[in-house]
Each structure stands twice: as C-alpha cells, then as structure tokens.
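Novice: Compute the structure for the input listed below.
(chains A and B)
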Amino acid sequence: MVGFVELDGVGMTFRGRTGAYEAVRDFNLELSEGEFFCLLGTSGCGKTTVMNMLAGFDTPTAGQIRLEGKPVRGPGADRGVVFQGHDSLYDWLTARDNIAFGLRLRGMGRSERRAIADRFLNMVGLTGQGSKHPSELSGGMKQRIQIARALANDPRMLLMDEPFGALDAMTRAVLQTELSRIWSENRKTVLFITHDIEEACALATRVGVMKRGPGGTLKAVVPIDLPYPRERTSDAFMASFRQVHELIHAEIHPHE
Amino acid sequence: MNSRSATVIGYVLGFALLFVIWHLASQYLVSSVLFPSPFPVFERGWVLLEEGLLQESIWASMRRIIQGFLLGSAIGIPVGLAIGSFRPVRLLLEPWTEFFRFIPAVAMITVAVIWFGIGEESKIFLIAYTTVFVVIIATAAGVGAVGRDKIRAAQCLGANKFQVFALVALPATVPYILTGMRLAMANAFVTIVAAELVASNDGLGKMLWDARLFMQVEDIFVALISLGLLGFATDRVFRLLIRAFAGRFNPTM
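Specialist: Numbers count the residues shown, from 1 in each chain, chains lettered A, B, ... in the order given. Next up is the predicted model:
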C-alpha cells in the first residue's frame, strides 16, 4: 500500500558562500489520509526545511517526496500552507477577498466566491468580519484568516509552519482548540510544525520528534490516541506529554 | 475637535503667521522697495488674475508638468517593474539609472533646447527625464520589497507566474510607485522653473525672468507664491491618493 504522503530518504543540503550545510538527512515518513501529524523539534533541527520541501518551496537534494503517489515538484494548490507570520496575507484585500483569493485564481464567479468565503469565515469564528482589512485585525484573527484561506481552496492537505508561534499563550490555546474542532469537521490531512510539546500533544494524532540539527532526521513517532477535545490536565494527556518530553529532552540536553 | 479640522485650522493659522511675519519684516526690518509687503503683492496678483495673465502662466507651466510627469511615469513604472522582477533586466538597466540619476535635469536643459528648441517639447522632455528615474528606482525597490510569504502563499493557492505578478507583486508595489511619483513631482517643479527661466515664451519661470528684467518685484513674489501653492496643492492630491489606495497597505506611509 502506498501512503498518502511519502517522504523517502529525503535530504537537504544548502550550499552557500560559507560552505555546505546539511539541514535534513535521510528523513523517512509516511502519512495516511486524514491524520494530523505534528512534527516537533528544537530550533534548527530542520523541521521547517521538511515543510518547505513538502510545500515545494525547496527541492530536496536527496530522496523523493510523493503526494498520493505523485512526486512533489514546486508549490501547488493541492498543498495549502499556513505561514508562521501573517505577512502572507494581502493587505490590500478584505478578509473575505483574502479567503477567496484561491477561488479567484481559478476564475470562480464573484457571488459563488463570496458564499464560500463567508462559510469559511464562519468556520474560523469570524462571522461578520469579512469586510475588514488585515491591518484592522488582531494577530490571532489574521491566523484564522490564513487558515480559512488555505481551507477555502480545498487542498488535498494542509501544511502549517508554527502558525501560532507568534501569538500570546491565551490566544494560542484558544486557536489550538478551534483548530482541533475545524480538523474534526473536515478531516484534512495536516502536517503541523511546532516546537511546543503541549501544542503537539493537544492537536496531533501522531507526534514525530526530530533529532537535533544539523542533519536533522526523525527520531521517534509517538501516537496520541486520545479523543478530541483533549483534556490537558487528564492523566492520559500527561502521560503522552511526558513521553514526548523525554524524547525531546534528550535532544536539548544530549550529554546528561 | 477632530483631527481633520485641527489640521485645516493649523494650516490656515500657519500661513496667516507667515504673511504676518512677512509684513512685519518688510515694514520694520528691511523696508526696501525690493522687498514689498504682502498687500501690494496680493493686489498685483489680483490684477494679474483679472487680466488673465497669471492663469495663463500657471496653466502653461502646469500643462508641461502634467504632460511630462505622465509621460515619465508611463515609462518609469513598467521599466521599474521589469527591473524589479527580472534579474537580467536589472543587471542591464541598473547602470543606466545609476548613471542618469546623477545628471540633473537642469544640466540637460542645454541639450534639450538644442534638440527640441524652446517650445513645449523641450520642457516635456525635461520633466519626463526628471520623473522617470525616480519612478523607476522607487518601483523597482517596491517590487523587491514584496514579502516572500505573499508570493509563496499565492503559489500554494494555485497562482501561475502571471497571476503572482498581476495580483500580488503589482498591488503590493502600488504604495512605492505612488511615493516615487510624489518625489518626482517635487523634482518636476524645480525643473520646469529652471527650464522656463532659460528658454521659454510663457509659464511661471518666464514670468519670474521677465519681472526681474523690468524690476517688477511684486510680479516675482506673485510667481513665487503661485509655485508654492501649486506644489502644495499637488502634493496634497498625492497624499490623498496614497492614503486612498495605499493607506491600508502600510499605516506608516
């Protein structure tokens, strides 16, 4: 059987003026359709590089990446991306037009676009905010717009690069819960990059822990078999947290 | 009191203060026929308006500014976009912009007059010349400043190269283009006066020059005030445009 997403011996070496840097080495992973996979690692471990390769922004220097059996070549509408910063939103468009941007690229009519955009505005909890411009929205709201924009385009999977990394702790927790709800509703396959253990355990069906860079690679995969919404103070959640924490801890303090 | 009326009142009071100081200086500090008080200047301005001479000069200068400015922008914007978007174009044309922008339009008056005579063409050429490089540089800088994630996001939503350019890079560059045009407009005022001083049959620069010849000091001041007001008004229009089209891009612009 072929996996929905396959990363097969993937490596990435950046060559610059100061020499070569191997960010990712022999990275192997299979994702099945509909799963929420969190890729967890310390900063500089290469997790964003993995995402950039899957998104098609970077081309692997070794191995191959396939989505539904087809090799990934360059960015495409089958992989929606939610970026860490909200600079990716279009300041000159309203929230609604940002969400409908992908539909406009496909030449969909105005009224149809509007109806779909409004549906996704509701989904991310921004009903009635569609006429505002990004500059009028808070950081959390902008990330909601990004999620809605990616989902409205109906990609085969969603790539999220620390989307809540720049938000305050309260907003982050709210958005994590919302994201779990949204994912439970539409069951898109998600690859979610984070360095936050609790975030990974709250969201993921499986957590992949990466080794330290350079030459970052997958160290272990921990399935989190808990129902959503997850009770973060429950014993089962704590047990998962502890398990992942130990794996990551060894990467932060390798000599203990 | 809202901030808009505060601004208007500030400007009115500021200009009033300028004229009060001018009046006092002309009466008590300098007291020479070469430095008239604002009142005879305004009287003279009124006479010139009634005779239609002032409007004629203003229109002659503004027409040249607008024509040359539009021509320069029409060339500068696409060239700037091309320089910002395509590396080979940049490598090829950057030497041009870096070279010509240090040859001031005022220095080009000589060749402009030799090539085009003292008529409209030389003025329009000079204004276009002074406009084009500023607009090119601002536009190219704007294209270069489009955020990487903005372009990537469009690619992930299925945009082809043309769509990335037309729907992302171009609108993201608009504030830079408008800012470049605003700077170019200030250059255009400098250039038109210099060009009309040297070689022209009409316009505010010609009016200044003639007034100097015949020692009509009031006329000189009328022309100077007209230039100030025209520049002020056009700059206001640009600020309004930038705010209307680009204010939401970047609140600091």
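Novice: pLDDT weak spots in the stretch 101-250 of chain B?
Specialist: Across the stretch 101-250 of chain B, residues meeting the criterion (pLDDT under 70) sit at B:245-250.
Novice: give me the number of residues near residue 10?
Specialist: Using chain A. Using other C-beta atoms under 10 Å in any protein chain shown, A:Val10 has 23 neighbouring residues. Where you see a C-beta, it was placed from the backbone N, CA and C, and this is true even at glycine.
Novice: look at chain B instead
Specialist: 11.
Novice: And the helices in the stretch 101-250 of chain A, which stretches?
Specialist: Applying DSSP state H, counting those that start in this stretch to the stretch 101-250 of chain A gives helices spanning A:101-105, A:110-123, A:139-152, A:169-186, A:197-203, A:235-252.
Novice: elements contacting the fifth one?
Specialist: Applying 3 or more C-beta pairs under 8 Å, 6 or more residues apart in numbering or on different chains; DSSP states H and E, one finds that helix A:197-203 contacts strand A:36-40, helix A:169-186, strand A:189-194, helix A:235-252.
Novice: CA-only coordinates of it, as PDB, when you get a sec.
Specialist: The C-alpha trace of helix A:197-203 is given here as PDB (Å, rounded to 0.1, in the frame of the first residue of the first chain):
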ATOM      1  CA  ILE A 197       5.200  19.900  23.200                       C
ATOM      2  CA  GLU A 198       1.800  20.700  24.700                       C
ATOM      3  CA  GLU A 199       0.600  22.000  21.400                       C
ATOM      4  CA  ALA A 200       1.700  18.900  19.600                       C
ATOM      5  CA  CYS A 201       0.100  16.600  22.200                       C
ATOM      6  CA  ALA A 202      -3.200  18.700  22.100                       C
ATOM      7  CA  LEU A 203      -3.500  18.600  18.300                       C
END
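Novice: contacting residues around it?
Specialist: Here helix A:197-203 makes contact (C-beta atoms under 8 Å, 6 or more residues apart in numbering or on different chains) with A:36, A:38, A:40, A:164, A:172, A:176-177, A:179-180, A:183, A:192, A:194, A:207, A:224, A:230, A:232, A:237, A:240-241, A:244-245, A:248.
Novice: what does the first one give?
Specialist: Defining contact as C-beta under 8 Å, 6+ apart, one finds that helix A:101-105 is touched by A:77, A:90, A:93, A:97, A:112-113, A:116-117, A:149, A:152-153, B:154, B:157-159, B:163, B:167.
Novice: Could you do the last one as well?
Specialist: Where contact means C-beta under 8 Å, 6+ apart, the residues beyond helix A:235-252 that reach it are A:40-42, A:45, A:197-198, A:200-202, A:207, A:209-212, A:219-220, A:222, A:224, A:226, A:230-231, A:256.
Novice: Just the CA atoms of the helix or strand where B:Leu17 lies, as CSV, please.
Specialist: Using DSSP states H and E, B:Leu17 sits in helix B:3-24. The C-alpha coordinates for helix B:3-24 follow below in CSV (Å, rounded to 0.1, in the frame of the first residue of the first chain):
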residue,chain,number,x,y,z
SER,B,3,-8.0,65.8,13.7
ARG,B,4,-9.1,66.9,10.2
SER,B,5,-10.4,70.3,11.3
ALA,B,6,-7.4,70.7,13.5
THR,B,7,-5.2,70.2,10.5
VAL,B,8,-7.1,72.7,8.5
ILE,B,9,-7.0,75.3,11.2
GLY,B,10,-3.3,74.6,11.7
TYR,B,11,-2.6,75.3,8.1
VAL,B,12,-4.7,78.4,7.9
LEU,B,13,-3.0,79.8,11.1
GLY,B,14,0.4,78.8,9.9
PHE,B,15,0.0,80.6,6.6
ALA,B,16,-1.5,83.6,8.3
LEU,B,17,1.5,83.8,10.6
LEU,B,18,3.9,83.5,7.6
PHE,B,19,2.2,86.6,6.0
VAL,B,20,2.2,88.5,9.3
ILE,B,21,5.9,87.9,9.7
TRP,B,22,6.5,88.8,6.1
HIS,B,23,4.5,92.0,6.5
LEU,B,24,6.4,93.0,9.7
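Novice: So what's the gap between it and the chain middle?
Specialist: When distances are taken as C-alpha atoms, centre = their mean, to the nearest Å, helix B:3-24 is centred 23 Å away from the chain's centroid.
Novice: Just the terminal-to-terminal distance for stretch A:185-203.
Specialist: Terminal residues of stretch A:185-203 are spaced 14 Å apart (C-alpha to C-alpha, to the nearest Å).
Novice: which of the residues in that stretch are buried?
Specialist: Judged by neighbour count using 16 or more other C-beta atoms under 10 Å in any protein chain shown, the buried positions of stretch A:185-203 are A:188-203.
Novice: For that stretch, what is the distance to the chain centroid?
Specialist: Worked out by C-alpha atoms, centre = their mean, stretch A:185-203 lies 7 Å from the chain centre.
Novice: averaged over its residues, what pLDDT does it have?
Specialist: On average, the pLDDT along stretch A:185-203 is 93.
Novice: In contact with the most centrally placed residue in chain B, which residues?
Specialist: The centroid of chain B falls nearest to B:Met185 when counting by C-alpha atoms, centre = their mean (1.3 Å). Taking C-beta under 8 Å, 6+ apart as the criterion, B:Met185 is in contact with B:Ile65, B:Phe69, B:Thr131, B:Gly231, B:Thr234, B:Asp235, B:Phe238.
Novice: Throw together a ChimeraX command that grabs the buried residues out of the contacts of helix A:101-105.
Specialist: The ChimeraX selection below is limited to those of those classed as buried (16+ other C-beta under 10 Å):
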select /A:77,90,93,97,113,116,117,149,152,153 /B:154,157,158,159,163,167
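Novice: For the stretch 101-250 of chain A, which residue gets nearest to chain B?
Specialist: At 3.5 Å from chain B, A:Gly102 is the closest residue in the stretch 101-250 of chain A, using C-beta to the nearest C-beta.
Novice: with the buried residues of stretch A:185-203 in mind, which one is nearest to B:Arg212?
Specialist: Within those, proximity to B:Arg212 (C-beta to C-beta) peaks at A:Ile193, which comes in at 71.3 Å.
Novice: burial measure for the residue of the stretch 101-250 of chain A closest to chain B, as a count.
Specialist: A:Gly102 has 26 nearby residues by other C-beta under 10 Å.
Novice: Check the one 4 residues further on too.
Specialist: Residue crowding around A:Arg106 was assessed by other C-beta under 10 Å; the count is 12.
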